[in-house]
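> Give me a 3D structure for the following:
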Amino acid sequence: MQTSPSAPATRPPTGVLRTRTALGLVIALLVACVAALTPTSAHAADQLLSQGRPATASSTENGSFPATAAVDGNPDTRWSSAFADPQWVQVDLGSVQQITRVTLNWEAAYAKAYQIQTSTDANNWTSVYSTTTATGGTQNLGVTGSGRYVRVSGTVRATPYGYSLWEFQVYGPGSTTPPDSFWGSTSDIPPASNAVEVKILNRTNGKYPDSQVYWSFNGQVHSIAEQPYLDMPANSAGRMYFYLGSPNGPYYDFIEFTVGNNVFNGNTTRVDAFGLKLAMRLHAKDGYDVEVGENRQTFAEDRATTIQRFTDAVPDQFKVLARTQAPYRIIAPGSDPSFRTGGVNANYFTSYAQSVGVNAATSDIFGCAASLAANPDMCAALNRHVATLPASQQSDPAQYYKAAPANYYAKFWHDNAINHLAYGFPYDDVAGQSSFVSHGNPQWLLVAVGW
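Have a look, this model is predicted:
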């Protein structure tokens, strides 16, 4: 059944949700607004990439000194570790970024020996700076490297106390997506009068003319031949729909977002279904530039080829997902009758879930619903088939989807996504695997609609 453009997002029943929850987006909005309104000391070629981003640490001295205090832009708050070697604190930049400089503002309890390390997956690390003779204070370090995650890894303390940082700042050019033929020219995008200027691109490879590629938002419906731009105002937990052929046709899909006056938070999503190939590219006024969604190879191929590749890639139980609403959608497994109560695959996850103490319906595991609505880590671990692994391995994407039972629907969209980041189920942002993007002072958003 086609979803009305005005329908709210389908959400598991909980107040602490990820892509499917207005609250999560609003919290991200508030954090990003702080980052957007706080000035930085970076020189013109560098952008401060780390401020307000998620941060974690190997330990904390106590609850007054969390890892997030090192990246909050407040020089009066700090992270402090346990009184032991080694310790680390890391920040998630949200996407792979070029790194040019790291600034460390140490409290009196500083590291004598430490490394600056980068990673694309928070599991495999590359050292871009190392010292055994540090003297504390404020250290501005020129580095060359790239990564989504940046970590300060201390190995020798200078005092009997732990490691303590007032501020941990990571700088870089803020752009990992150079202009190319897929996104086309951005020089003609008009400045936004509201929060962010949105441009919709026809990437159907000639299947539909611009006059048959439609967008719908907040009561407005236009083909991109009529109006390729939307000057998007601030709004909470919205959707923007896209249609091919007619303004309310059966070929449709959507992106989700919360937009503030100084921040964009949003994502492409496969939580409910695949309807159309979508990708979006966010560019901010500070030079930040990131893209998410289906990858270029998937956009380049015909729809029938993509659907056939899905059918060939997934186990037998999942092949029905490409048939239930064919040819319009590949639906998520939790929505298919075969995985629901009374269906032939209703017990697909039962034994595996029970092996880790979870008694939940297979459809609720796919949908992170019922008892799993408030347990994102377990829901993600079950979908990825890592629930029986040590906790440290549950955050390692190299371990995901290696054995059944697993959410092979989600696996397919990760395999065919930019940087392998996708929303295949509601808590797919656990361990940073989702297509969620957030940044202050957005300038424009490109949305590519494919066939």
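> Need the three-state assignment for the residue lying farthest from the centre of the chain.
The C-alpha centroid of the chain is most remote from P160, which lies 38.8 Å away (Cα atoms, centre = their mean). Secondary structure, DSSP: H, G, I helix; E, B strand; the rest coil: P160 is coil.
> Give me the nearest residue to it, chain neighbours excluded.
F83 (6.6 Å; Cβ to Cβ, 6 or more residues apart in numbering). Any C-beta I mention is one placed from the backbone N, CA and C, and that applies to glycine too.
> Then S146?
Q98 (5.1 Å).
> What helices and strands are in contact with the host helix or strand of the one you found?
Under the criterion of DSSP states H and E, Q98 resides in strand 87-106. If you count contacts as 3 or more Cβ pairs under 8 Å, 6 or more residues apart in numbering; DSSP states H and E, strand 87-106 packs onto strand 55-57, strand 138-157, strand 164-172, strand 289-293, strand 437-440.
> among those, which is nearest G266?
strand 437-440 (6.3 Å; Cβ to Cβ).
> neighbouring strands for the closest one, and are they parallel or not?
strand 263-268 (antiparallel) (DSSP bridges).
> which parts of stretch 334-348 are buried?
G334, S335, D336, S338, F339, R340, N345, A346, Y348 (16 or more other Cβ atoms under 10 Å).
> brain fart, stretch 393-410
394-397, 399-401, 405-410.
> again with stretch 308-325
In stretch 308-325, counting by 16+ other Cβ under 10 Å, buried: R309, F310, T311, V314, Q317, F318, V320, L321, A322, Q325.
> ok, the first one - contacts?
Think R309. E301 (Cβ atoms under 8 Å, 6 or more residues apart in numbering).
> check which helix or strand covers it.
Applying DSSP H and E, one finds R309 within helix 303-313.
> how far is that helix from where the chain is centred?
On the basis of Cα atoms, centre = their mean, to the nearest Å, helix 303-313 sits 24 Å off its chain's mean C-alpha point.
> Then stretch 371-388?
The answer for stretch 371-388 is 18 Å, by Cα atoms, centre = their mean.
> what does stretch 297-306 give?
23 Å.
> And stretch 160-175, by the same measure?
22 Å.
> Next, the buried residues of that stretch.
Quick answer for stretch 160-175 (16+ other Cβ under 10 Å): 161-175.
> What of stretch 82-96?
For stretch 82-96, by 16+ other Cβ under 10 Å, it's P86, Q87, W88, V89, Q90, V91, D92, L93, G94, S95, V96.
> is it possible to export those to TSV including pLDDT?
Below are the buried residues of stretch 82-96 laid out as TSV (pLDDT from 0 to 100):
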residue	pLDDT
P86	97
Q87	97
W88	98
V89	97
Q90	97
V91	96
D92	92
L93	89
G94	81
S95	75
V96	76
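> which one of the helices and strands packed on strand 87-106 lies closest to S223?
Closest among those, once you apply Cβ to Cβ, is strand 289-293, at 21.1 Å.
> And the contacts of that closest one?
So strand 289-293 is contacted by 94-95, 174-177, 183, 267-268, 277-283, 417-419, 421, 435-437, 439, 448 (Cβ under 8 Å, 6+ apart).
> Closest one to N124 out of the buried residues of stretch 160-175, please.
Of these, the one sitting nearest to N124 (Cβ to Cβ) turns out to be V170, at 18.3 Å.
> Now do the contacts for the closest one.
Here V170 is in contact with L48, L49, S50, V91, L93, I99, R101, V102, V150 (criterion: Cβ under 8 Å, 6+ apart).
> State the pLDDT value of it.
V170 carries a pLDDT value of 96.
> ok, and the closest non-adjacent residue to it?
S50 (3.9 Å).
> domains in this protein, as residue ranges please.
1-43+174-451, 46-172 (automatic domain parsing).
> First residue to last residue on the shortest one, what's the distance there?
The one in question is domain 46-172. For domain 46-172, the first-to-last residue distance is 5 Å (Cα to Cα, to the nearest Å).
> Same question for stretch 355-369.
End-to-end for stretch 355-369, by Cα to Cα: 19 Å.
> Okay, buried residues for that stretch please.
V358, A360, A361, T362, S363, D364, I365, F366, G367, C368, A369.
> On the pLDDT front, check the residue farthest from the centre of the chain for me.
For P160, the model assigns a pLDDT of 97.
> wait, isn't it in contact with D85?
No - the pair P160 / D85 is not scored as a contact, 11.2 Å apart, by Cβ atoms under 8 Å.
> Low-confidence regions, the stretch 201-350 of the chain specifically.
The model of the stretch 201-350 of the chain has no residue with pLDDT under 70.
> Could you do the stretch 51-200 of the chain as well?
175-180.
> rerun at 90
52, 93-98, 119-126, 144-148, 172-181, 185-188 (pLDDT under 90).
> what is the residue nearest to Y114 when sequence neighbours are not counted paired to in the beta sheet?
Leaving out its chain neighbours, the residue that sits closest to Y114 by Cβ to Cβ, 6+ apart is G154, at 4.3 Å. Judged by DSSP bridges, the bridge partners of G154 are Q87, Y114.
> and G154, what does it touch?
S81, D85, P86, Q87, W88, A111, A113, Y114, Y163.
> Distance check, it against T118.
According to Cβ to Cβ, to the nearest Å, G154 stands 16 Å off from T118.
> what's the answer for S434, then?
Taken as Cβ to Cβ, the span from S434 to T118 is 21 Å.
> Hmm, K277 and T268 touching each other?
No - with contacts counted by Cβ under 8 Å, T268 stays clear of K277, the gap being 9.6 Å.
> Who has more neighbours out of these two?
T268 (28 against 23; other Cβ atoms under 10 Å).
> What residues are bridge-paired with the more buried one?
I255.
> what's the answer for N105, then?
With DSSP bridges as the rule, N105 is bridged to T138, E167.
> And for G293?
Beta-bridge partners of G293, as defined by DSSP bridges: A279.
> how many other residues sit next to it?
26.
> related to what we said a few turns ago, just the closest of the buried residues of stretch 334-348 to P209, please.
S335 (32.0 Å).
> contacting residues for that closest one?
Counted by Cβ under 8 Å, 6+ apart, S335 has contacts D272, A273, S363.
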